[in-house]
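**Student:** sharing a model prediction with you, sequence too.
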Amino acid sequence: MVELGNLAGTDGAEWIGRPPHEELQPKVRPLLPTDDPFYRPPSGFQHAEPGTVLRSRDVELAFLGLIPQPVSAIQLLYRTMDMNGQPEACATTVIVPAEHAPGQPCPLLSYQCAIDAMSSRCFPSYALRRRAKALGSIAQLELFLIAAAVAEGWAVSVPDHEGLLGMWGAPYEPGYRTLDGIRAARNSDRVALSPSAPIGLWGYSGGGLASAWAAEMCADYAPELDIVGAVLGSPVGDLGHTFRRLNGRFFAGLPAMVVAALSHVYPDLDRVIKEHTNDEGRALLEGLETMTTVGAVLRMAGKNMGDYLDEPLEDILSSPEVSHVFESIKLGVATPAPPVLIVQAVYDYLIDVHDIDTLADAYSAGGADVSYHRDAFNEHMLLHPLSAPMALRWLTDRFARRPLKDHLIRTAWPTAFNPITYAGMIRLGIIAAKVLTGRKIRRRPL
């Protein structure tokens, strides 16, 4: 929908009611989102309703940019907004099952990748495309799980939930972009989904954080969306605690990139960094803005941000300006309306299980239906693929509208010790083999 009355005298608003579409351009190397005109919103877009499709294009997907995938994929540029309510454009990549007929009821899953970087090289809309040069982007590896969801017969929306500027860690806006990406997929005549289709959310780590923001905000921001469940894998409930936990360790680059991004969002944080960080430290943070996730981790491995400050790190972190930032980006602002499945490893070296315990308890106390798988055996990296069969089964039940029996379900039995996990992993292995060989993935529910 568009507020037509506000468009009087606006030039270049030809997209209204008929967003331009670009057919597939084979053998053309994709441009980075920061250089690609597709991502630049058309004149007058700010007057459109959130979720309005501004333009679209057919794209070819490939594993690691090299192995083409025989799937139908379309990218949508749509209107959304940032954490301050300012209008902006964002892109999502929508994949539909090969057997899907236009208008046929088909569940829609919004899958949030762990972008965990500021560089547009890591955005799913670029990293998943054929001939993309995105080595070091986690989104490329998550194509296996996206393919598994498509194999369930679901349409999948994969939004660039950090926005075009890669604001990793900023609050609220990952939820806006995710929910508006769902609206865009439903609004697009090119995708042709049934308006009655149930909707699910899924993400892990940085993607779990974005999914949690969407789950917390959907009741107020997008009440018309029929979101029936959200899988929140290790959703980084407290980024401030995570910074303290990881600083000086192998994964110090992850929280350092959050600080680099948030300095563009919070002026007071930017001032503190400029006042108390030496030239080497500021150059290091600026360099992180152009690195992939893996590149930043390797660059920052073992580095302590306190070594670049003129005051003790804890004094800086405890200052009102920095404390305000860390407090404002914590999850738990609202209670999710849809049921949630939270997946977290007890011995997670990235995300403290106690932060997720607190989040699960807060959601439950607020009245949410919470299933909490607190895995007592796995670590952060392996738990995502090992918990995928459980996540897919749980989402299948939500799409079928099967009721949850308990208000708060806690499990500690490790997925690695559950025979059902291995049955699911065999199936995921078959799907992975098809992705690696570029073979068509047909509908085969778990």
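**Tutor:** Alright, I've got the coordinates. On a predicted model such as this, the values are computed, not experimentally measured, just so you know.
**Student:** low-confidence ranges in the stretch 101-250 of the chain?
**Tutor:** Applying pLDDT under 70 to the stretch 101-250 of the chain flags the ranges 101, 103.
**Student:** ok, which stretches of it are strands?
**Tutor:** Taking DSSP state E, counting those that start in this stretch as the criterion, the stretch 101-250 of the chain carries its strands at 108-112, 155-159, 199-204, 227-233.
**Student:** could those strands go into JSON lines alongside distance to Cys122 and mean neighbour count?
**Tutor:** (Glycine included, C-beta is placed from N, CA and C.) Conversion of these to JSON lines gives the following (distance: least, C-beta to C-beta, whole Å; neighbours: other C-beta atoms under 10 Å):
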{"stretch": "strand 108-112", "distance to Cys122": "13", "mean neighbour count": "28"}
{"stretch": "strand 155-159", "distance to Cys122": "13", "mean neighbour count": "28"}
{"stretch": "strand 199-204", "distance to Cys122": "15", "mean neighbour count": "29"}
{"stretch": "strand 227-233", "distance to Cys122": "18", "mean neighbour count": "28"}
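**Student:** now those as CSV including distance to Tyr172?
**Tutor:** Putting the strands of the stretch 101-250 of the chain into CSV (distance: least, C-beta to C-beta, whole Å) gives the following:
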stretch, distance to Tyr172
strand 108-112, 14
strand 155-159, 14
strand 199-204, 16
strand 227-233, 16
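**Student:** nearest to Glu88, of the ones you listed?
**Tutor:** Judged by C-beta to C-beta, the one of the strands of the stretch 101-250 of the chain that comes nearest to Glu88 is strand 155-159, at 12.7 Å.
**Student:** with only the CA atoms kept, save that closest one in PDB.
**Tutor:** What follows is the C-alpha trace of strand 155-159 in PDB, where atoms were taken according to Å, rounded to 0.1, in the frame of the first residue of the first chain:
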ATOM      1  CA  ALA A 155       8.800 -21.100   0.700                       C
ATOM      2  CA  VAL A 156      11.800 -19.400   2.400                       C
ATOM      3  CA  SER A 157      12.500 -15.700   2.800                       C
ATOM      4  CA  VAL A 158      16.200 -14.800   3.700                       C
ATOM      5  CA  PRO A 159      16.300 -11.100   4.600                       C
END
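**Student:** among the strands of the stretch 101-250 of the chain, which comes closest to Ala376?
**Tutor:** Across these, closest to Ala376 is strand 227-233 (C-beta to C-beta), at 16.1 Å.
**Student:** quick one: the closest one to chain centroid distance?
**Tutor:** Taking the mean of its C-alpha atoms, strand 227-233 sits 12 Å from the chain's own mean (C-alpha atoms, centre = their mean, to the nearest Å).
**Student:** ok, now stretch 197-209?
**Tutor:** Stretch 197-209 has its average C-alpha position 7 Å from the chain's average C-alpha position, going by C-alpha atoms, centre = their mean.
**Student:** for the strands of the stretch 101-250 of the chain, which one sits closest to Gln75?
**Tutor:** Evaluated with C-beta to C-beta, the strands of the stretch 101-250 of the chain place strand 155-159 nearest to Gln75, the distance being 9.5 Å.
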